[in-house]
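[1] Provide a 3D model corresponding to the input given below.
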Amino acid sequence: MADLRDLGLSEYEARAYRSLLRTGATTAKELSRTSDVPMGRIYDVLNSLEQHNLVRSQAASRPKKYVAVEPDAGLDRLLERKRQELREKADQYESVVDELTDELETAAPVQGQFWTAAVGTEESADLLVERLAAADESLVVVAGAVSPQFDLGAVGERVAEELEAALDRGVDVSVLMTPALVESLPASVGERYTERLANHPAFAVRIAPGLSGTFELIDDVEVCIEVPNPLDPGEAFAMIDLKDPDFAADVRAMFDPQWEAAEALSLSSLADA
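    Below you'll find the predicted structure:
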């Protein structure tokens, strides 16, 4: 059940305000009696309510009288106060995150070979987005088959957002796809990429036949490999993330000649596909 304490009032403040709404203008002594707020606390409570702009006082009267602000106005003021507190808290947390990011990024990176895997469409998407967000210098996306990364659903949208964020932080993004995959994509996919990515100088799309599988090469040290569902190739079954500079170098050596021989694809033509 909702309570005035949920909006920041103390138990005594809530009692006094509710009592004032019932009694109308009254003295501190009478309010103490009707609200069950001890006389030794009533003036502190009334001062606090005035600071919250929930009570007005009539100083000219003797003894001094108090009246409650109407509930609509009073609740709006409490709500705005809470919103301001939340904004300040959010700013505080963002500052903490910035400091921790700088601190934690100074930690030594994982050396040698390390791999992990996620099973299931949602878990695979989480792992992929996490690794895309970790790119500092380059991202290579190779798509040889229909993939959830390029669909119209939540996975495709999250991938597009991460590619856009990578470009914003100075990462070079290269996408290599098969002609068959381009032809199979709805025009709306191309429109989305055209609107958000096409004009960025660090983003390029090329097409080449004979590609197989879908994977990402991250900063030339890490490879994310998508494992399709054997019962539904358009759905991801798992994602394997392998951090191995030697393996990544082999992937780069395989990719570079294919990229050089590939045909540049304008995203406007992708939107018309």
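
[2] C-alpha from now on. contacts and neighbour counts both.
    Fine.

[3] can you check which strand is longest in this structure?
    strand 232-243 (DSSP state E).

[4] buried residues in it?
    Using 16 or more other Cα atoms under 10 Å as the test for burial, strand 232-243 gives 234-243.

[5] outside of that strand, which residues touch it?
    Applying Cα atoms under 8 Å, 6 or more residues apart in numbering, the external contacts of strand 232-243 come out as 112-121, 123-125, 127-128, 146-148, 221-230.

[6] sitting in strands, which of these do you find?
    Using DSSP E, those in strands are 114-119, 222-229.

[7] tell me which of the residues you listed is nearest to residue 90?
    Lowest distance from residue 90 to these (Cα to Cα) belongs to residue 118, with 31.3 Å.

[8] contacting residues around the closest one?
    Per Cα under 8 Å, 6+ apart, neighbours of residue 118: 124, 127, 238-240.

[9] now for the residues you listed: which two are most distant?
    Across those (Cα to Cα), the longest gap, 9.7 Å, separates 127 and 238.

[10] what's the neighbour count on the closest residue to residue 262 other than its chain neighbours?
    Spatial nearest neighbour of residue 262, chain neighbours left out: residue 208 (4.9 Å); criterion: Cα to Cα, 6 or more residues apart in numbering. Look at residue 208: counted by other Cα atoms under 10 Å, it has 18 neighbours.

[11] could I get the contacting residues of residue 208?
    Residue 208 makes contact with 176-179, 258-259, 261-263, according to Cα under 8 Å, 6+ apart.

[12] give me the ChimeraX select line for these, limited to the buried ones.
    Those of the contacts of residue 208 that count as buried under 16+ other Cα under 10 Å are selected in ChimeraX with:
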select :176,177,178,179,258,259,262
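
[13] okay, and which of the contacts of residue 208 map to helices?
    Those of these mapping onto helices are 179, 258-259, 261, per DSSP state H.

[14] any idea how far residue 29 lies from residue 58?
    For residue 29, the distance to residue 58 (Cα to Cα, to the nearest Å) stands at 15 Å.
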